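Novice: here you go, sequence then predicted model.
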Amino acid sequence: MRGADYFLKRTLFAIVTVFVAITLNFIIFRAAPGDAVTGLRCQFCTVEFKDQLRAELGLDKSKWEQYWLYLQDLAQGDMGRSFVTREPVVDELIDPLLNTLPMIALGTVFAIVFGIISGLVAAWRRGTYLDWGNLSFSLLFYSLPTQWLGLMLLIFFAGTLPVSGISDPFLEFTDPSWWDTFVDRLKHMILPAATIGIVLYGEYALIVRSSLMEALSEDYVLTARAKGLRNWAIVWKHAFRASLLPVATLIALSLGYLVAGAILVEAVFSYPGIGLVTYDAVFERDYPVLQGAFLILTLSVVFANYIADLLYFKLDPRVAE
Amino acid sequence: MSTIASGPGAAGAPTDPGDVKGGGGLGAVVSSTLRSRPRAAIGATVLLLAILMAIFAPFLAPYGPREKVGPPFAPPSSEFPLGLDDGGIDMLSLIIHGSRVSLIVGFAAAAVAMLIGGTIGILAGYFGGKSDVALMRVTDYFLVIPDVPLMIVIAAIWGRSLTNIIIIIGVIYWTGTARIIRAQVKSVRERVYVRRAQALGASDSRIIYRHVLPQVAPLLVANTVLTVAIAIFAETALAFLGLGDPSLISWGRMIENAFVSNAISVDAWWAIAPPGIAVAVVILACTLLGTAIEDALNPRLRVGHLSVRRFRLRPLPSKDIT
């Protein structure tokens, strides 16, 4: 019963969050000084074109009417058309989103694996130079601006690894096998994923370490030590298990960073994901695409959070209380 | 007074550790943290140097921030230790001048976040009940919505002046502060001296101002210092996406400029590296200082009895006992 209650609550929360994001999106868009069409920069923006756009966007109607229309359109999966290409926004966003997912997944897995290893080592050898060095490195990586790290990696690896795009444009002329295509994609993914992974690694290592340290101050650890267990056994069997839950939550919370990282990194490496679409939309002030990207990114984060909440319940049913 | 305090009626009260006031004051916590934790002292020193650099920028910088002093992308030399950028402007001078906007954005946005987050956290934590539930719901929603895309959308539509950027960043990063402050206020509210002040008929505003605020101030400061780091990071991100104030130089805009002007294709690493290092150093300093104050306030993380160096208890050999 408790489980069903929890499930309902989290579902409701996810739905309301999406609704809040949609409303925010609407308010930001409509309450701006002037309107979205005023600041548009493009070559073919004549007065007639702008008036037509206003009519198309419904900017001549009352705010409440506009809000209602906006919700109706969204419910049908209609996010309007791009100012620049005149294509439906949804079509412009789906493929890039699918390009982004494997890239950030690669980066996140890298960060989780190395973050946990380094956090464990730090807690195992806490108070030593190993811990200190580990901590310094994690802090340093955590402090680097993502886009800057990307640029530095780009300078270092230009020549050894592909630094732009998602695939080699000449590869298709050689009739590649699926394996060649896969390797090519992976190579293009390495640098952007590594950039995200390195910054996230710093954060995860810090989280895992502090979470382990907190677990190590519990009474059962003292008991384990009194039983004569080895330091490593205490860290691995007792503290790590107990600290997995807070780590899982914090990883879910870092999803927000992942989105920011994707935008910055894809801009640096011209990786054709949803981040690059956002970057281009900002540059061209293509508001429908920008809004669509914001909504899709928010939806993904809310959805991932929702899944994390449900997993969390699976791991520890006490959270329902 | 002393005769009353020593009377039987007041005997139990002063022994309650939560009742000791003054020990948790802002100045006391910060100064003891700086003395006992070297990383806090390092962070504070670096931050102070950065602030001084920003204040005295025109006197420290060898050249003006728009002064063309040589060919584009001239490499580092004895005359220009950090080289020149695409416009032939001295990188060192740009870093020094750019510190102003970066730090102003960092501190001002963090102040906005502190004001909003602190107020909401204190109100929610102190009054509890329905307002608490409502306020925490709002923070929950804001916590989940990805911050950078939201900032991008607002900045792209509302314009990119310095004030706008400060307000946008501040308005987005108040949620963490609000949550932490609320939790702290909830525990302070239950302490004996607050209960006593309530019993004596003190108004809510007086209790908040005299008793709650001094107790949460150190935590608020620690959190604000950490928010400075986040705000500076956010500024570089916005600037990189072309949403920085176009008339001002900041470290974020320098990174963007290096990227846009294709410093990479001519291998001009000196046009890219310095602003990123400057940002990293300031963020690192804020993180060191902020987490050190936080640690000092959270006794649960003091695991001295478990650190390897101190805890080397081996089972006693039995012959020693007998």
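Specialist: Received, thanks. Everything numeric here is computed off the predicted structure, so don't read it as measured data.
Novice: report the buried residues of the helix or strand residue B:282 falls within.
Specialist: Element membership of residue B:282, judged by DSSP states H and E, is helix B:273-297. The neighbour-count check on helix B:273-297 (16 or more other CB atoms under 10 Å in any protein chain shown) flags B:273-297 as buried. (C-beta placed from N, C-alpha, C; glycine too.)
Novice: so for residue A:290, what's the nearest residue that isn't a sequence neighbour?
Specialist: Nearest in space to residue A:290, with sequence neighbours left out and distances taken as CB to CB, 6 or more residues apart in numbering or on different chains, is residue A:281 at 4.3 Å.
Novice: tell me the SS of the residue in the stretch 101-250 of chain A positioned nearest to chain B?
Specialist: Nearest residue of the stretch 101-250 of chain A to chain B (CB to the nearest CB) works out as residue A:148 at 3.2 Å. Look at residue A:148: counting by DSSP: H, G, I helix; E, B strand; the rest coil, its state is helix.
Novice: give me the neighbour count for it.
Specialist: Using other CB atoms under 10 Å in any protein chain shown, residue A:148 is surrounded by 27 other residues.
Novice: elements contacting the helix or strand harbouring residue A:22?
Specialist: If you go by DSSP H and E, residue A:22 is part of helix A:2-30. The contact analysis (3 or more CB pairs under 8 Å, 6 or more residues apart in numbering or on different chains; DSSP states H and E) places helix A:2-30 against helix A:63-75, helix A:287-315, helix B:129-144, helix B:147-158.
Novice: what angle separates that helix from helix A:63-75?
Specialist: Counting by axes from the mean of the first three to the mean of the last three CA atoms, to 10 degrees, helix A:2-30 lies at 120 degrees to helix A:63-75.
Novice: tell me which residues of helix A:2-30 come out buried.
Specialist: Result for helix A:2-30 [16+ other CB under 10 Å]: buried residues A:6, A:10, A:13-14, A:17-18, A:20-22, A:24-26, A:28-30.
Novice: next helix or strand past that helix?
Specialist: For helix A:2-30, the following helix or strand on the C-terminal side (DSSP H and E) is helix A:47-57.
Novice: anything in that following helix near chain B?
Specialist: No - Helix A:47-57 does not reach chain B (CB under 8 Å from any CB of the partner chain); its nearest approach is 13.2 Å.
Novice: the residue of the stretch 101-250 of chain A closest to chain B and residue A:257, how far apart?
Specialist: Plainly put, residue A:148 is 15 Å away from residue A:257 if you go by CB to CB, to the nearest Å.
Novice: filter the buried residues of helix B:273-297 down to the ones near chain A?
Specialist: B:273, B:275-276, B:279-281, B:283-284, B:287-288.
Novice: contacts only, for whatever residue of the stretch 201-322 of chain B ends up closest to chain A.
Specialist: Nearest residue of the stretch 201-322 of chain B to chain A, counting by CB to the nearest CB: residue B:276, 3.2 Å away. Residues in contact with residue B:276, defined by CB atoms under 8 Å, 6 or more residues apart in numbering or on different chains, are A:144-145, A:148-149, A:151-152, B:251, B:255.
Novice: what about the residues you listed, which are in strands?
Specialist: In strands, judged by DSSP state E, none of those are found.
Novice: between those, which is nearest residue B:121?
Specialist: Using CB to CB, residue A:145 comes nearest to residue B:121 of these, at 28.6 Å.
Novice: was I right to think the closest one contacts residue B:233?
Specialist: Yes - when contacts are counted by CB atoms under 8 Å, residue A:145 is listed as touching residue B:233 (6.3 Å).
Novice: any idea which residue is closest to the centre of chain B?
Specialist: residue B:225 (1.8 Å; CA atoms, centre = their mean).
Novice: farthest-separated two in the buried residues of helix A:2-30?
Specialist: For the buried residues of helix A:2-30, and using CB to CB, no pair is farther apart than A:6 and A:30, which are 36.3 Å apart.
Novice: neighbours of the nearest residue to residue A:235 once chain neighbours are set aside, just the number please.
Specialist: Excluding its sequence neighbours, the residue lying closest to residue A:235 (CB to CB, 6+ apart) is residue A:124, at 4.8 Å. Residue A:124 is flanked by 19 other residues according to other CB under 10 Å.
Novice: ok, residue A:124 to residue B:39 distance?
Specialist: Taking CB to CB, one finds residue A:124 at 21 Å from residue B:39.
Novice: can you give me the neighbour number for residue A:68?
Specialist: Look at residue A:68: counted by other CB under 10 Å, it has 13 neighbours.
Novice: who touches it in this structure?
Specialist: Counting by CB under 8 Å, 6+ apart, residue A:68 has no contacts.
Novice: if we can go back for a sec, quick one: the residue nearest to residue A:235 and residue A:234 touch, right?
Specialist: No - using CB under 8 Å, residue A:124 is not in contact with residue A:234; the gap is 9.0 Å.
Novice: helix or strand: which one has the residue nearest to residue A:290?
Specialist: Assigned by DSSP H and E, residue A:281 falls in helix A:274-284.
Novice: so for that helix, mean pLDDT?
Specialist: Regarding helix A:274-284, the rounded mean pLDDT is 90.
Novice: can you give me the angle it makes with helix B:147-158?
Specialist: 20 degrees.
Novice: residue A:73 and residue A:50, how far apart?
Specialist: For residue A:73, the distance to residue A:50 - CB to CB - is 20 Å.
Novice: before we move on, what SS does residue 223 have?
Specialist: Let's take chain A. Secondary structure, three-state DSSP: residue A:223 is helix.
Novice: give the buried residues for the helix holding residue A:281.
Specialist: Across helix A:274-284, burial judged by 16+ other CB under 10 Å covers A:274-282, A:284.
Novice: quick check: phi and psi at residue B:67.
Specialist: Main-chain dihedrals, residue B:67, degrees, to the nearest 10: phi -90, psi 120.
Novice: near chain A, which residues of the stretch 151-300 of chain B?
Specialist: Proximity of the stretch 151-300 of chain B to chain A is confined to B:152-154, B:156-159, B:229, B:233, B:236-237, B:240-243, B:252, B:255, B:258-259, B:264, B:267, B:269, B:272-273, B:275-276, B:279-281, B:283-284, B:287-288, B:300 under the rule CB under 8 Å from any CB.
Novice: quick one: contacts of stretch A:298-311?
Specialist: A:7, A:10-11, A:14, A:17-18, A:21, A:97, A:248-249, A:251-252, A:255-256, A:259, B:144-146, B:149.
Novice: what does the helix holding residue A:281 rub up against?
Specialist: A:41-42, A:83-84, A:92-93, A:96-97, A:99-100, A:262-267, A:270, A:286-287, A:289-290, A:293-294, A:296-297, B:149, B:152, B:156, B:241-243.
Novice: kindly recompute the last result at 6 Å.
Specialist: Helix A:274-284 is contacted by residues A:84, A:96-97, A:100, A:262-263, A:266-267, A:289-290, A:293, B:156, B:241-242 when judged by CB atoms under 6 Å, 6 or more residues apart in numbering or on different chains.
Novice: and what of stretch B:240-257?
Specialist: Taking contacts as CB under 6 Å, 6+ apart, the residues outside stretch B:240-257 that touch it are A:147-148, A:279, A:282-283, B:65, B:94, B:97-98, B:101-102, B:155, B:160-162, B:235-236, B:238-239, B:275, B:278-279.
Novice: CA atoms of that stretch as CSV?
Specialist: C-alpha atoms of stretch B:240-257 as CSV (Å, rounded to 0.1, in the frame of the first residue of the first chain):
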residue,chain,number,x,y,z
PHE,B,240,30.2,30.9,-24.2
LEU,B,241,26.7,30.6,-25.8
GLY,B,242,26.9,34.3,-26.9
LEU,B,243,24.7,35.5,-24.1
GLY,B,244,27.3,37.6,-22.2
ASP,B,245,27.0,41.4,-22.1
PRO,B,246,28.6,42.3,-25.4
SER,B,247,30.1,45.5,-24.2
LEU,B,248,32.0,44.0,-21.2
ILE,B,249,35.0,41.8,-20.9
SER,B,250,34.8,38.8,-18.6
TRP,B,251,36.7,35.5,-18.3
GLY,B,252,33.7,33.7,-19.8
ARG,B,253,33.7,36.1,-22.8
MET,B,254,37.4,35.5,-23.3
ILE,B,255,36.9,31.8,-23.6
GLU,B,256,34.0,32.4,-26.0
ASN,B,257,36.2,34.9,-28.0
